[in-house]
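Chemist: Return atomic coordinates for the entry below.
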Amino acid sequence: MTAPILLWQRRDLRLTDNPAMAWAAAQGRPVIPVYVLDECMAGWGAAPSWRMGRSLEVHAKRMEEIGSRLILRRGDALPTLRALIEETGADTVVWNRLYVADEKARDEGVKAALKEDGIEAKSFHGHTLFEPWEVESKTGGFYKVFTPFWRAVRDRDLDAPLAPVEALEAPSAWPASDDLTGWKLAARMVRGAEVVERYARIGELEARARLVEFCDGPVADYADARDMLADEGTSGLSENLTYGEISARECWFAGWRAHEEGKAGAETFVKELVWRDFAHHLAYHTPRLTSDNWKEEWDAFPWRGDNEDAEAWRRGRTGIEVVDAAMRQLYASGTMHNRARMLVASLLTKHMMTHWKVGLDWFADCLIDWDPASNAMGWQWTAGSGPDAAPFFRVFNPDTQAEKFDPEGRYRRRWVAELSGAPRESRASNAPDDALAFFEAIPRSWGLSPSDRYPDPVVDLKAGRERALEAYSARAAAE
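Modeler: Presented below is the predicted three-dimensional model:
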């Protein structure tokens, strides 16, 4: 019983409440943590690849603090793990489960193959609050609508989060590891990495501090403040949940504690955690969520492919202030306010009649909190093609939304230099730092400057809405 255990880490870069790591630590055997840059991560966008690299860097230091190491290898998962087994004499491989189609298929293939090899392969529940197959409707199927899903899990008991792993027994000899810098995970970010770094909070310790700060203050007003674009009313934890720097279960317990303390917005926060679970629930049961119209009847809808309007949208040059502010926030910080995500998605898919996949792909390239299930769920919800979606005829007017959720224009001025009030000739030094960060991060080939004239709208909001509704009516009549 001295053969090492391979701890295969993926979206679980933490010591606290890590079921696979805790099990491995409890066996009293050497444990070799490994991260594999494999076939699933090969297709990741620029920002999430950079952010994963930074998470790995921080996590590797944490592993050293408990007397261990994080071994890095590059290649398809199964042959890479087999090579490590051959090198180390390991007879067990453990990991925490994932549910999106490509990750699920990889894991199932690895588990079956390793068992055929005579290797013990164990997976654990550690990425969501509930396993996708544990939440069933009264008729025995999976949930397709969020509200009954929420009602089904709201009062469920969860096991308390696991204590931090304080030590992992080292093997007699460590296998070779790739050099993280050699992976060049930041390469496609070019100069943007330095800018986005200013806004990120990386690693388990930062994630747990962020949760404490949120529950000590903003959570009380979360139900309302989360929609106000210029306020710091959200937790920001989506970034850390994405890489598993904190567990959803730890956030769940913290949220309910805040609720018991009388903090009014805490239940809404917990509900948002469950919305994340719902996205993974649906990605597991209906894998097409992340790649195709969830409602297949939308396959014939006349969305446009990529186009010049979409390019203006990507560059924050639509001439629609709140949308441009949001798109610039995305490029400079790697995140976007959740209310703003709905507004930019509605403009693209409805006013601009552009396929939601165009937006989904851009977010997948730019978001440091990119989660394949949540990203797809959000885009299809707004577009009207997804589960429990907003009706297509619900077309957000970004101007009226800005009046409601950014009444003083602070969010728009914060991110759009042309709206800052500074004279054109002095904007490069007098506009807000966040607005200028966008120009620091973007490719020079875009040729944009803070002194540019703010563009006219690329789409008339009234005409765009009417065009979208006509297309929706024609689709409905054709059913």
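Chemist: buried residues in stretch 35-50?
Modeler: For stretch 35-50, a neighbour-count test (16 or more other C-beta atoms under 10 Å) marks 35-41, 44-50 as buried. C-beta coordinates here come from the backbone N, C-alpha and C atoms, glycine included.
Chemist: Over to stretch 179-198?
Modeler: Using 16+ other C-beta under 10 Å as the test for burial, stretch 179-198 gives 180, 183, 185, 186, 189, 192, 193, 195, 196, 197.
Chemist: Contacts for that stretch, please.
Modeler: Residues outside stretch 179-198 that contact it (C-beta atoms under 8 Å, 6 or more residues apart in numbering): 37, 45-47, 49-54, 56-57, 60, 72, 74, 331-334, 368, 437, 440-443.
Chemist: Show me which residues of stretch 277-290 are buried.
Modeler: Judged by neighbour count using 16+ other C-beta under 10 Å, the buried positions of stretch 277-290 are 277-287, 289-290.
Chemist: out of those, which one sits closest to residue 10?
Modeler: Using C-beta to C-beta, the shortest approach to residue 10 within the buried residues of stretch 277-290 belongs to residue 280, at 14.0 Å.
Chemist: and which of the buried residues of stretch 179-198 is nearest residue 409?
Modeler: Closest to residue 409 out of those is residue 195 (23.5 Å), distances taken as C-beta to C-beta.
Chemist: so where does the closest one fall, helix or strand?
Modeler: Following DSSP states H and E, one finds residue 195 within helix 192-197.
Chemist: my guess is residue 73 contacts residue 33, does it?
Modeler: No: using C-beta atoms under 8 Å, residue 73 is not in contact with residue 33; the gap is 11.4 Å.
Chemist: Between the two, which is the more surrounded one?
Modeler: Just comparing residue 73 and residue 33: by other C-beta atoms under 10 Å the higher neighbour count belongs to residue 33, 22 against 18.
Chemist: For that one, which three-state class applies?
Modeler: Of the three states, residue 33 takes strand according to DSSP: H, G, I helix; E, B strand; the rest coil.
Chemist: The closest residue to it other than its chain neighbours pairs with what?
Modeler: Spatial nearest neighbour of residue 33, chain neighbours left out: residue 7 (4.5 Å); criterion: C-beta to C-beta, 6 or more residues apart in numbering. Beta-bridge pairing of residue 7 under DSSP bridges involves residue 33, residue 94.
Chemist: burial measure for residue 7, as a count.
Modeler: By the measure other C-beta under 10 Å, the count of residues near residue 7 is 29.
Chemist: ok, it to residue 21 distance?
Modeler: Going from residue 7 to residue 21 by C-beta to C-beta, to the nearest Å gives 6 Å.
Chemist: Identify the contacts common to those two.
Modeler: Shared contacts of residue 7 and residue 21 (C-beta under 8 Å, 6+ apart): 31, 33, 168.
Chemist: Residue 88: which of the residues you listed is nearest?
Modeler: residue 31 (10.8 Å).
Chemist: For the closest one, list the residues it contacts.
Modeler: So residue 31 contacts 4, 5, 7, 21, 24, 25, 68, 168, 169, 171 (C-beta under 8 Å, 6+ apart).
Chemist: The fifth one against residue 7, yeah?
Modeler: Yes: between residue 24 and residue 7 a contact is recorded at 5.0 Å, counting by C-beta under 8 Å.
Chemist: Now for the residue lying closest to residue 12 once chain neighbours are set aside: which residues touch it?
Modeler: Nearest in space to residue 12, with sequence neighbours left out and distances taken as C-beta to C-beta, 6+ apart, is residue 244 at 3.7 Å. Applying C-beta under 8 Å, 6+ apart, we find residue 244 in contact with 10, 11, 12, 13, 14, 18, 96, 126, 127.
Chemist: Neighbour count and pLDDT for those residues - can I get that in TSV?
Modeler: Converted to TSV, the contacts of residue 244 look like this (neighbours: other C-beta atoms under 10 Å; pLDDT from 0 to 100):
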residue	neighbour count	pLDDT
10	24	98
11	17	97
12	24	98
13	27	98
14	26	98
18	25	98
96	23	98
126	24	98
127	23	98
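Chemist: looking just at contacts, which helices and strands does the lowest-mean-pLDDT helix or strand in the chain meet?
Modeler: When each helix and strand of the chain is scored by mean pLDDT, DSSP states H and E, helix 461-478 comes last, with a mean of 88. Helices and strands touching helix 461-478, as assessed by 3 or more C-beta pairs under 8 Å, 6 or more residues apart in numbering; DSSP states H and E, are absent.
Chemist: now it, how far from the chain's geometric center?
Modeler: 31 Å (C-alpha atoms, centre = their mean, to the nearest Å).
Chemist: now stretch 188-199
Modeler: Computed by C-alpha atoms, centre = their mean, the chain-centroid distance of stretch 188-199 equals 17 Å.
Chemist: same question, stretch 79-96
Modeler: Distance of stretch 79-96 from the chain centroid (C-alpha atoms, centre = their mean) equals 29 Å.
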